[in-house]
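Asker: okay, predicted coordinates and the sequence, questions at the end:
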Amino acid sequence: MSMTSAAPHHAPVMPAEVLELLAPREDGLYVDCTVGLGGHTELLLAAGAGRVIGLDRDAAALARARARLASSPKNLLHADWPARVELVHADYRTLPQVLAERHITAIDGALADLGVSSMQLDDAERGFSFRNDGPLDMRMDASAGESLADRLADVDEGTLADVIFQYGEERHARRIARAIVAARGRQPLARTAELASVVRRAAGGGTWQRLDPATRTFQALRIWINGELEGLDLFLRSTVAALRAGGRLVVISFHSLEDRIAKHTFKALARPSDGSAPLGRVLTPKPLEPTEAERAGNPRSRSAKLRAMERVA
Ligand SMILES: C[S@@+](CC[C@H](N)C(=O)[O-])C[C@H]1O[C@@H](n2cnc3c(N)ncnc32)[C@H](O)[C@@H]1O
């Protein structure tokens with residue numbers, strides 16, 4: 001396992017933009033809906049956020065974030081951090097329950113940095129990687145749901161092709177789905193390397209290609225297995241609803257479908273089609289993107305798009 005490579009050097013994406021938009025205050029309560037390796041949570045606390053509740057569906061990520069916060073050099077300045085941050089193993093789509101259980105009626109800001117973390121990608125044992133062989137799992141929450149190996153064992157070819165086409169924007173989706181179904185007929189697919197070689201053979205293309213031919217299919221299967229787009233709109237709506245007037249929600253996405261959902265949901269909240277009062281106002285008519293300097297220094301940031309909404313009274 002390559003557990004040592006990612007944190008603590010993992011840099012949070014678009015840190016200046018996030019801080020400017022959330023403008024954390026000493027008397028404020030902020031929710032980091034996707035704690036991951038704790039990069040943004042650390043940033044918010046160091047910038048003076050009074051309290052942060054951090055959620056992640058991945059228990060391993062929370063353990064890493066906890067260790068990062070405890071050993072942060074900035075901890076010298078904020079010896080009271082453990083009292084100011086609560087890390088919760090939860091799906092962000094359950095945020096309304098998480099707040100209700102704590103008798104919290106309004107929050108001052110929220111951040112959702114969507115998608116997969118570098119730790120999840122780098123740790124071969126989690127089964128996300130087409131570069132490093134591991135068990136075919138790919139679940140962000142390893143304690144719930146079915147692994148990719150189980151799902152691939154009985155999915156029908158048409159559904160699989162649709163998943164690869166829609167979530168991966170992969171034009172060879174039908175060919176790849178057919179090849180996966182043929183391969184599993186010979187023997188169950190159990191390892192990421194096996195799947196990657198089936199996909200590469202079906203997708204074709206030479207070594208001159210910039211992207212590994214398995215990239216899009218692995219991305220699609222990850223989104224599918226983790227239900228990443230399901231309930232995203234409802235989550236964004238309920239999070240805006242949980243903000244106090246003037247509070248802000250910042251969403252960072254790495255996939256065009258996620259960004260489209262954020263864009264449409266924010267638009268619908270700012271201009272409800274039934275003529276009711278708007279819940280928020282859009283702060284980013286166009287999504288913000290990382291600066292050239294950030295792109296160069298942090299390759300993970302390259303496809304990031306940031307959108308923000310402010311709750312109105
Ligand atoms: C891009 S990483 C976040 C990185 C983090 N902002 C940082 O700076 O270290 C996304 C995280 O969101 C988590 N995640 C994805 N979907 C989730 C969901 N529905 N509920 C809670 N956490 C989720 C993943 O497990 C992953 O750890």
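Answerer: Received, thanks.
Asker: buried ones in stretch 100-120?
Answerer: For stretch 100-120, the buried set under the neighbour-count rule, 16 or more other CB atoms under 10 Å, comprises 107-120. Placement of C-beta: from N, CA and C, glycine included.
Asker: can you list the residues of the stretch 1-150 of the chain near the ligand?
Answerer: Residues of the stretch 1-150 of the chain found near the ligand (CB under 6 Å from any ligand atom) are 10, 12, 34, 36-40, 55-58, 61, 91-93, 113, 115, 117, 140.
Asker: I'd like the buried residues of stretch 100-120 laid out as TSV, including pLDDT.
Answerer: Listed next are the buried residues of stretch 100-120 as TSV, based on pLDDT from 0 to 100:
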residue	pLDDT
Ile107	98
Asp108	98
Gly109	98
Ala110	99
Leu111	98
Ala112	98
Asp113	98
Leu114	97
Gly115	93
Val116	93
Ser117	93
Ser118	90
Met119	91
Gln120	94
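Asker: looking at the residues you listed, which are in strands?
Answerer: Counting by DSSP state E, the buried residues of stretch 100-120 place 107-113 in strands.
Asker: what's the farthest-apart pair in the residues you listed?
Answerer: Distance extremes for these: the farthest pair is Asp108 and Asp113 at 17.7 Å, using CB to CB.
Asker: who's in contact with stretch 118-136?
Answerer: Outside stretch 118-136, the residues that touch it by CB atoms under 8 Å, 6 or more residues apart in numbering are 1-3, 5-7, 10, 36-37, 58, 60-61, 64, 116, 137-140, 142, 147-149, 152, 189-196, 199, 212, 214-215, 218, 222, 300.
Asker: pull out the buried residues from these.
Answerer: 6-7, 10, 36-37, 58, 60-61, 64, 116, 137-140, 142, 147-149, 152, 189-190, 192-196, 199, 212, 214-215, 218, 222, 300.
Asker: keep only those of those residues that are in strands.
Answerer: Using DSSP E, none of these sit in strands.
Asker: in helices, which of the residues you listed appear?
Answerer: 60-61, 64, 148-149, 152, 192-196, 199, 215, 218, 222 (DSSP state H).
Asker: closest one of those to the ligand?
Answerer: The nearest member of those to the ligand, counting by CB to the nearest ligand atom, is Ala61 at 4.1 Å.
Asker: name the nearest residue to the closest one, ignoring sequence neighbours.
Answerer: Leaving aside its sequence neighbours, Ala61 sits nearest to Gly36 (CB to CB, 6 or more residues apart in numbering; 5.3 Å).
Asker: check contacts around the one you found.
Answerer: 56, 58, 61, 65, 113, 117, 119 are the contacts of Gly36 under CB under 8 Å, 6+ apart.
Asker: possible to save the residues you listed as a markdown table with distance to Arg307?
Answerer: Below are the contacts of Gly36 laid out as a markdown table (distance: CB to CB, whole Å):
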| residue | distance to Arg307 |
| --- | --- |
| Asp56 | 21 |
| Asp58 | 24 |
| Ala61 | 23 |
| Ala65 | 24 |
| Asp113 | 12 |
| Ser117 | 20 |
| Met119 | 25 |
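Asker: looking at these, which is nearest Asp156?
Answerer: Asp58 (29.1 Å).
Asker: ok, for that closest one, nearest residue in space, not its chain neighbours?
Answerer: Per CB to CB, 6+ apart, closest to Asp58 is Met140, 4.9 Å.
Asker: can you pull the contacts of the one you found?
Answerer: 57-58, 116, 120, 226.
Asker: what about 10 Å?
Answerer: The contact partners of Met140, by CB atoms under 10 Å, 6 or more residues apart in numbering, come to 34, 56-61, 91, 115-117, 120, 126, 128, 222, 225-228.
Asker: what is the burial count for Ala202?
Answerer: 21 (other CB atoms under 10 Å).
Asker: so which elements touch the helix or strand it falls within?
Answerer: Assigned by DSSP states H and E, Ala202 belongs to helix 192-203. If you count contacts as 3 or more CB pairs under 10 Å, 6 or more residues apart in numbering; DSSP states H and E, helix 192-203 packs onto helix 148-154, helix 157-168, helix 173-186, helix 215-225.
Asker: so of the ones you listed, which one's packed in deepest?
Answerer: helix 215-225 (a mean of 23; mean count of other CB atoms under 10 Å).
Asker: correct me, but Val13 touches Thr291?
Answerer: No: counting by CB atoms under 10 Å, Val13 stays clear of Thr291, with 11.4 Å between them.
Asker: who has more neighbours, those two?
Answerer: Of the pair Val13 and Thr291, Val13 is the one with more neighbours under other CB under 10 Å, namely 21 against 13.
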